[in-house]
Every structure is written in C-alpha cells, then in structure tokens.
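K.L.:
coordinates only, sequence not included:
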C-alpha cells in the first residue's frame, strides 16, 4: 500500500514553535480556560492527567504529564484517566493515529479532550492571499494549513474507537491594524507556514501588498482594523466501558411515540410491487 505524502514538515514546525513569542499565545489561554470549564461540568476528579502540546511551558500543571505532539506519543497504555490534546492536532500528519494513541492511553471510562483549529480559521486571510497570488502570478501555492470541518473531525473520534463522541466549536474574532500585522502575529504564535509543499522562497512583495489591499477592502471594520477568525474545535470522547450509557435497540421502547405525544398513530397502507 502506498504511503500518503506528508502534509507537515515537522522540523520546520519545531523551528517555528521555537521562535514563538509567549505574549502571542493568547489562543492557548482561551483553550486552557475552556478545558477548565468543561472539566467543572464533568464533575469528576482526575488523578492521572496527560497533556499533548507543542508548548509545554503553557500547559504544565502539578501532577500532569506534559509531552510533545510527536508522531509517536510517549503515552503509557491505560496509564491515564484524562488526556488533553492541546491545540496541536491540526498539524498532525496522521490525526487518526494520534487519536488512537490517546484512546489507548486511557483507562476504561477515561476522558479525552482534543482542541484544534477548524476549517473557518483564517478564512479571510486564505481568500485574500489566494486572490492576490492568482492576480499577481497567475497561480496558487500552499500558504495556509488546510483545516478540517467539524463533521469530519467528529467522525475521526468514532474511527479511533472512542465512545460517546462529540465535536463542537467556538469562534474567536481578533482585530489587527492590517494583514501584515496578522501575519506577524501568526509567526509569533508558532503557526507560520510549515507545510511540506510550501514554497521555499520568500513571497513576492506584490502578492503581499495586494493581499493587504484586498483584506482592507473586504474585512475591515468602521475603525479601519481588519478582522481575523479563529475557529477552535473541541473533540470529546470516552474510552469504552461497560458502565457507559448505550443506545436502545430498535423496537425495545416501552411506550409508543404516539402515546407519549398524545396523538393517534397513522398506519400507512402496505403497497405491493406494482404500486
């Protein structure tokens, strides 16, 4: 079987992260607050926590094991009751493999929380860069990481063997002076272009200037500042366990739906093959 081409250039990604500025990592702070809120709702004490992240300093917590998002995760099988994949899964060359490894690291009825950028992230920047490059050079090159849609990402949880899978999202809109300021901030976040198929030469000045113009024309507010959208998807799943709630078998209901609704049941006529 042919191995699919790698999407992410891991050495480039690690270089980008090493140059990141802690003051620009505010989206990790948003995700951390979201994790804490969701764990309060779960109302369970977790004692063996693992966090997978590209920024260990931000996620270090007493008693938690913090490890990098390598292709092979350094997780002990059934060694944890909570695994958090913290805003790094969008860079995985094998996201299903990452999820499977996290599920195997959980004890029965252990919880997985995964956060990653979703398909609406940087939609404005992607559109402006694509139009600018097409106008100036007549072609297109990979510049922004392709990110999954929420429905597809939720299906990955099922493929990885999680029970009770749920995918939901929230959106953060951030404003900048102009598109160049946004691009600088992305580099400071460690989220610069690390695609394997990226151009290995600097972007032409004309492309950047045209993208700045298009962004200001289509995505600026009344104050002249441009808007940038970040969609953050949360994947929630549980390691299977016999104690978990299971769907009822078809035909096992104790009460007819019509009785519950207080209506009459309509029986459709049986039609034969001739109609």
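P.N.:
Good, I have the coordinates. The shown structure was predicted, so the numbers you read here are calculated from the model rather than taken from an experiment.
K.L.:
What are the phi and psi values at residue 51?
P.N.:
phi -120, psi 120 (degrees, to the nearest 10).
K.L.:
where exactly do the helices run in the stretch 1-150 of the chain?
P.N.:
Counting by DSSP state H, counting those that start in this stretch, the stretch 1-150 of the chain has helices at residues 10-18, 26-42, 56-59, 95-104, 123-137, 150-159.
K.L.:
who wins for proximity to residue 208 among those helices?
P.N.:
Comparison of the helices of the stretch 1-150 of the chain against residue 208 by C-beta to C-beta identifies helix 123-137 as nearest, at 7.6 Å. In short, each C-beta sits where N, CA and C put it, glycine included.
K.L.:
on contacts alone, who are the packing partners of the closest one?
P.N.:
helix 179-188, helix 205-219, strand 226-238 (3 or more C-beta pairs under 8 Å, 6 or more residues apart in numbering; DSSP states H and E).
K.L.:
closest to residue 192 out of the helices of the stretch 1-150 of the chain?
P.N.:
helix 10-18 (4.7 Å).
K.L.:
re the thing from before, which one of the helices of the stretch 1-150 of the chain is the most hemmed in?
P.N.:
helix 95-104 (a mean of 20; mean count of other C-beta atoms under 10 Å).
K.L.:
what residue ranges in the stretch 1-150 of the chain are flagged as low confidence?
P.N.:
Low-confidence segments of the stretch 1-150 of the chain (pLDDT under 70): 1-4.
K.L.:
of all the helices of the stretch 1-150 of the chain, which lies closest to residue 223?
P.N.:
Using C-beta to C-beta, the nearest of the helices of the stretch 1-150 of the chain to residue 223 is helix 123-137, at 16.3 Å.
K.L.:
Contacts for that closest one next, please.
P.N.:
With contacts defined as C-beta atoms under 8 Å, 6 or more residues apart in numbering, helix 123-137 is touched by 139-141, 143-144, 179, 182-183, 204, 206-208, 210-211, 213-215, 218-219, 226-229.
K.L.:
among those residues, which ones are buried?
P.N.:
141, 143-144, 179, 182-183, 207-208, 210-211, 214-215, 219, 226, 228-229 (16 or more other C-beta atoms under 10 Å).
K.L.:
buried stuff in stretch 161-168?
P.N.:
Quick answer for stretch 161-168 (16+ other C-beta under 10 Å): 162, 163, 165, 167.
K.L.:
ok, the closest residue to residue 160 other than its chain neighbours - contacts?
P.N.:
Closest residue in space to residue 160, ignoring its immediate chain neighbours: residue 99 at 3.6 Å, by C-beta to C-beta, 6 or more residues apart in numbering. By C-beta under 8 Å, 6+ apart, residue 99 lies in contact with 85, 89, 112, 114, 156, 157, 159, 160, 162, 235, 237.
K.L.:
So what sits opposite the first one in the bridge?
P.N.:
In this structure, residue 85 has the following beta-bridge partners (DSSP bridges): residue 52, residue 114.
K.L.:
ok, it to residue 35 distance?
P.N.:
11 Å (C-beta to C-beta, to the nearest Å).
K.L.:
The fifth one now?
P.N.:
Taken as C-beta to C-beta, the spacing of residue 156 relative to residue 35 amounts to 19 Å.
K.L.:
The fourth one now?
P.N.:
Residue 114 sits at a distance of 10 Å from residue 35 (criterion: C-beta to C-beta).
K.L.:
Mind listing the shared neighbours of those two?
P.N.:
Shared contacts of residue 114 and residue 35, counting by C-beta under 8 Å, 6+ apart, come down to residue 84.
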